[in-house]
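Got a predicted structure plus its sequence, pasted below:
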Amino acid sequence: SREAGSGDRSELRAEIEGRSAYVMAVKRDAEEYGGFIRQLASEVQAFGTGDMAAVCAFVESLDQALAVLTDERAVLKGFEWPEAKVDAMREATALHREMQQTMAAIDGWTVGHDACEAECSRLSGQLDRVQRRIDQLGTSLEGDQKRFQEHGIPWDGKLVQQVKQKCLRLTTLFLERVLEEVERGGPDDPRRRARAHALLVGGVRFAFRSHQFVGGFDGPSLQRFERVSGLMKSLQPPAAAA
């Protein structure tokens, strides 16, 4: 219809005008910030450090400086921009911060006052999330590390293992919560014994899972594991003891 045709032409005109405005904005940025961009490119090429914290700070300041551009990729395309190095620095920064935040979250973990099963489920969920992420990284991290080294980025190859090691704190908290529940006084009836045994079995299974993921125990987690496994053997459920 005539109205439909008119509407299509209006939309097409608006699209063309929009694209034209975008192209003009990119061109204007290239002209206005050309000297600034060339200076940034020189700083990126010359940048080198042995400290990942310094890389993170440099990337943050670089991102803030480039935020003035209408479209970073489109504007920088017209310059001799060290794109590969910038991309590698950004990826290393993001991964470094992610690992640091993961360790901080584990360090700051507190066990609440909900039922033992609920608190242990949360701890198990956190270990699951960390394990999935580390497993995901394992397929690409070796190649990423080589690329980081090629661009002089001081990536710490031990960082991922540090995150895994930190997960033993989750194990300690899990086992402590189980021990607190099992060792709490109460009537010695079949239901209580069955629940206590189930909690202890769950603790041992969680400990084995984290042991396999990390590659061993540390002192605190080993101490709690020995107590839990000892109680599990001595506290058999009624059906098994009959």
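Thanks, I have the structure now.

Run through the residues that contact K85.
Counting by CB atoms under 8 Å, 6 or more residues apart in numbering, K85 touches V44, Q45, H151. In this view, the C-beta of every residue, glycine as well, is placed from N, C-alpha and C.

Now it: which helix or strand?
Assigned by DSSP states H and E, K85 falls within helix 83-107.

quick check, distance from that helix to the centre of its chain.
Here helix 83-107 is found 8 Å from its chain centre; the criterion is CA atoms, centre = their mean, to the nearest Å.

Okay, buried residues for the helix or strand following that helix please.
Where DSSP H and E defines the elements, the next helix or strand beyond helix 83-107 is helix 116-138. Across helix 116-138, burial judged by 16 or more other CB atoms under 10 Å covers C116, E119, C120, L123, S124, Q126, L127, V130, Q131, I134, L137.

how about CSV for the residues you listed, with pLDDT added?
Listed next are the buried residues of helix 116-138 as CSV, based on pLDDT from 0 to 100:
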residue, pLDDT
C116, 96
E119, 97
C120, 97
L123, 98
S124, 97
Q126, 97
L127, 98
V130, 97
Q131, 96
I134, 94
L137, 90
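
quick check, nearest of these to Q101?
Closest approach to Q101 among these (CB to CB): V130, at 11.3 Å.

residues contacting that closest one?
T102, I106, V163, K164, C167.

follow-up on the earlier one: keep only those of the contacts of K85 that are in helices.
Counted as lying in helices by DSSP state H, out of those, are V44, Q45.
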